[in-house]
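# Show me the folded form of this:
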Amino acid sequence: MNAESLRRWMAGALLAVAAGSAPAATRTLCTVAAEASTGKILVQEGDCTTRVTPASTFKIALSLMGFDAGILQDDHAPAWPFRQGYADWGGEPWRQTTDPARWMKYSVVWFSQQIAGQLGEARFQQYTRAFQYGNEDVSGEAGKHNGTSGAWINASLRISPLEQVRFMEKIVNRQLPVKPQAYEMTGRITRIEPGEPGIEVHGKTGTGSPGMDGRYDPARAYGWFVGWATTASRTVVFARLIQDDQPTAPNAGLRARDGLLKELPTLIHASDAPRH
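Numbering: from 1, shown residues only. Okay, here's the model as predicted:
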């Protein structure tokens, strides 16, 4: 994502905030949950097979890559300073020195770009392919060869809700070609606090929109929340995808998260018969 694309994204985000008081019209495109140990679908509602931008949900994959490659050491190392020219449309939280825990908490895009940039194009592609992540295309915006600066943000990389759930299964079951520390640290920085009583939740939001040119359209924003939830007896992996039809605040990813968390106890205890 180049500087011009970042400026367009910032303008769109500001429009969404400005329009936050307008009545919201949001569709839930998909809710899907599966038993992590078996892969059995517990709940599947809506269109869960169409691929869209992963947006910031891709930070989970980037975390695994970064810790496996040794670019990231633990939840507080490295701590990289903000520099002029970095993406800063997330406001003051993005303009501060950032470590892996803060990166995940505040969804800091420039930190993601630094990880991908240090991996380099070839290794970035190798990881994405080894993870079988969506369409595995991290080339970026067409003709710009800028995949490490934002292939996952309204550009070439696409993933469906069902593919998100299968990726979460691989994390929970440790079926990806990464070191144990990568799983441990990623689990630590993705934990949602406070969680529901008796349920440990890990997940990540994401906000994007249709198109593959890096532009953000707040009037058609996608909102993701993906992750896994564990009780004393089971672990369930989940994905929710929503879409707005007008600029709305807070952003779609946060609303997808809040809505799913309210329903999480029901999803956790869903019957084995899938709903369509």
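
# where are the low-confidence patches of the chain?
For the chain, applying pLDDT under 70 flags the ranges 1-24, 271-276.

# try 90 this time
Applying pLDDT under 90 to the chain flags residues 1-25, 141-146, 193-197, 210-218, 266-276.

# Could I get the full set of strands for it?
Applying DSSP state E to the chain gives strands spanning 26-35, 41-46, 200-208, 222-230, 235-244.

# From Gln114, how far out is Ala77?
Ala77 sits at a distance of 14 Å from Gln114 (criterion: CB to CB, to the nearest Å). Bear in mind the C-beta positions are built from the backbone N, C-alpha and C, glycine included.

# Settle it for me: which of those two has more neighbours?
With neighbours defined as other CB atoms under 10 Å, Ala77 and Gln114 compare such that Gln114 has more, 21 against 11.

# separation between the more buried one and Ala87?
11 Å.

# follow-up on the earlier one: right, so of the strands of the chain, which gets closest to Gln118?
Nearest to Gln118 among those is strand 200-208; the distance by CB to CB comes to 20.5 Å.

# List of residues touching the closest one?
52-60, 104, 107, 153-154, 187, 190-192, 195, 216, 221-231, 238, 251-254, 256-257, 261, 264 (CB atoms under 8 Å, 6 or more residues apart in numbering).

# Over to stretch 34-47?
Applying CB under 8 Å, 6+ apart, the external contacts of stretch 34-47 come out as 28-33, 162, 165-166, 168-169, 172-173, 228, 234-238, 241, 267, 270-272, 274-276.

# Ends of it, what's the gap?
16 Å (CA to CA, to the nearest Å).

# Can you point out the buried residues in it?
The neighbour-count criterion (16 or more other CB atoms under 10 Å) identifies 34-36, 41-44, 46 as the buried residues of stretch 34-47.

# CSV for the residues you listed, including distance to Phe67?
CSV is the format used below for the buried residues of stretch 34-47 (distance: CB to CB, whole Å):
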residue, distance to Phe67
Ala34, 25
Glu35, 26
Ala36, 21
Ile41, 30
Leu42, 30
Val43, 31
Gln44, 31
Gly46, 33
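
# Farthest-apart pair in those, please.
Ala36 and Gly46 (21.0 Å).

# residues contacting Tyr30?
Wrong residue type there; residue 30 is Cys, not Tyr. By CB under 8 Å, 6+ apart, the contact list for Cys30 reads 44-48, 161, 239-241.

# Would you confirm that Tyr222 contacts Ile242?
Yes - look at Tyr222 against Ile242 with CB atoms under 8 Å: they come within range, at 7.2 Å.

# which residues are common contacts for those two?
Counting by CB under 8 Å, 6+ apart, the common neighbours of Tyr222 and Ile242 are 29, 252.

# mind listing what Pro180 touches?
Pro180 touches Arg174, counting by CB under 8 Å, 6+ apart.

# swap in Phe167?
So Phe167 contacts 60-61, 131-133, 159 (CB under 8 Å, 6+ apart).

# redo that, cut-off 10 Å
Phe167 makes contact with 54, 57, 60-61, 64, 131-134, 159, 175-176, 226, 237, 239, according to CB atoms under 10 Å, 6 or more residues apart in numbering.

# re the thing from before, any common contacting residues for Gln114 and Ala87?
Contact with both Gln114 and Ala87 is made by residues 108, 149, according to CB under 10 Å, 6+ apart.

# Count the neighbours of Ser209 for me.
22.

# what do you get for Thr26?
Thr26: 17 surrounding residues under other CB under 10 Å.
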